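Undergrad: let's see this in three dimensions:
(3 chains)
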Amino acid sequence: MNPRSNSTQWRDRLPIQELLALSDVLPESFYCRPTVAVARDLLGKILVHGRAAGRIVEVEAYLGADDLAAHASRGLTPRTKVIFGPPGRAYVFFIYGMYECLNLIAEPEGVPGCVLIRALEPLCGIQAMRRRRPAARRIEQLASGPGRLTQALAITRRHNGIPVTSGDLTVRRLPPEPRLEILATPRIGIRQSTDRPLRFLIAGNPFVSRPPAAPPTGSK
DNA sequence: CAATAGATCATCT
DNA sequence: GATGATCTATTGC
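TA: Residues are numbered from 1 along each chain as shown, chains lettered A, B, ... in the order given. Reported below is the predicted structural model:
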């Protein structure tokens, strides 16, 4: 066994059955709100697919017509149809010929808005995630990136349009929920609307895909 | 550690 | 035909 990977580090935080018993699925009403509010409130929630689960530690909000970085800004097309649909659904798109990205739909039906899930802190099913992502050398890299987390949790375009309010793919609230310090930064990997602070992450969390642009430097 | 090139395809022009 | 809400391996300091 790789000396870097001691079994403590790669072990599940808790059994999946226990997680499911102690948590509640977020209802559709949670998502039927302004996109930025949904994005911020998703931090700290648990994304579950089958027997694998992780805590959401980083997200990005994508808005409507005035947000040129958002797919929905080009209007209603076959691809963006889901974004204009009812809240609490998954929007999964394929990018760079290789990766899938998971979004959750916000806002009432007819109003575009979605939240890109950018990074997870693995909690359950860590061995399975590791099999799906052999390139990850450290547990911090298992699901720290939009393309990485869909691989780790085996989320694909087959999930496009399905509800996350019941079934195999859900988002859950697991008490107790400590108060979080949330940072807002510009979004990553976009070429338009690059200065809007629509990326949200849990301050100091080591599982985010990229640390904040200006890390606090200087002691004392 | 930072910078960069390559992989690879659905979507829209 | 170009582009893109990315990731990995590799090269160079």
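
Undergrad: in chain A, which residue sits nearest DNA strand C?
TA: A:Gly189 (1.7 Å; C-beta to the nearest atom of the strand). Using the backbone N, CA and C atoms, a C-beta is placed for each residue, glycine as well.

Undergrad: DNA strand B versus that residue, what's the distance?
TA: In this view, A:Gly189 and DNA strand B are 11 Å apart by C-beta to the nearest atom of the strand, to the nearest Å.

Undergrad: show the pLDDT at that residue.
TA: The per-residue pLDDT reported for A:Gly189 equals 96.

Undergrad: and for it, the neighbour number?
TA: Around A:Gly189 there are 16 other residues, counting by other C-beta atoms under 10 Å.

Undergrad: that one - that's part of a strand, no?
TA: No. Per DSSP: H, G, I helix; E, B strand; the rest coil, A:Gly189 lies outside any strand segment and is coil.

Undergrad: can you classify A:Ala37 by secondary structure?
TA: Assignment for A:Ala37 (three-state DSSP): helix.

Undergrad: residues in chain A within reach of DNA strand B, list them.
TA: Contacts of chain A with DNA strand B, taken as C-beta under 7 Å from any atom of the strand, map to A:74, A:77-80, A:93-94, A:96-98.

Undergrad: could you redo the last one with a cut-off of 10 Å?
TA: Proximity of chain A to DNA strand B (C-beta under 10 Å from any atom of the strand) is limited to residues A:71-72, A:74-81, A:92-99, A:147, A:157, A:160, A:211.

Undergrad: out of these, who's near DNA strand C?
TA: Counting by C-beta under 10 Å from any atom of the strand, A:71-72, A:79-80, A:92-99, A:147 from the residues of chain A next to DNA strand B sit close to DNA strand C.

Undergrad: of those, closest to DNA strand B?
TA: Proximity of those to DNA strand B (C-beta to the nearest atom of the strand) peaks at A:Gly97, which lies at 2.4 Å.

Undergrad: list the ones among the residues of chain A next to DNA strand B that fall in helices.
TA: Counted as lying in helices by DSSP state H, out of the residues of chain A next to DNA strand B, are A:Gly147.

Undergrad: list buried residues within the residues of chain A next to DNA strand B.
TA: Buried by 16 or more other C-beta atoms under 10 Å: A:71-72, A:80, A:92-93, A:147, A:160, out of those.

Undergrad: let me have those residues in CSV, extended by pLDDT.
TA: Below are these laid out as CSV (pLDDT from 0 to 100):
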residue, pLDDT
A:His71, 98
A:Ala72, 98
A:Thr80, 98
A:Val92, 98
A:Phe93, 98
A:Gly147, 98
A:Asn160, 98
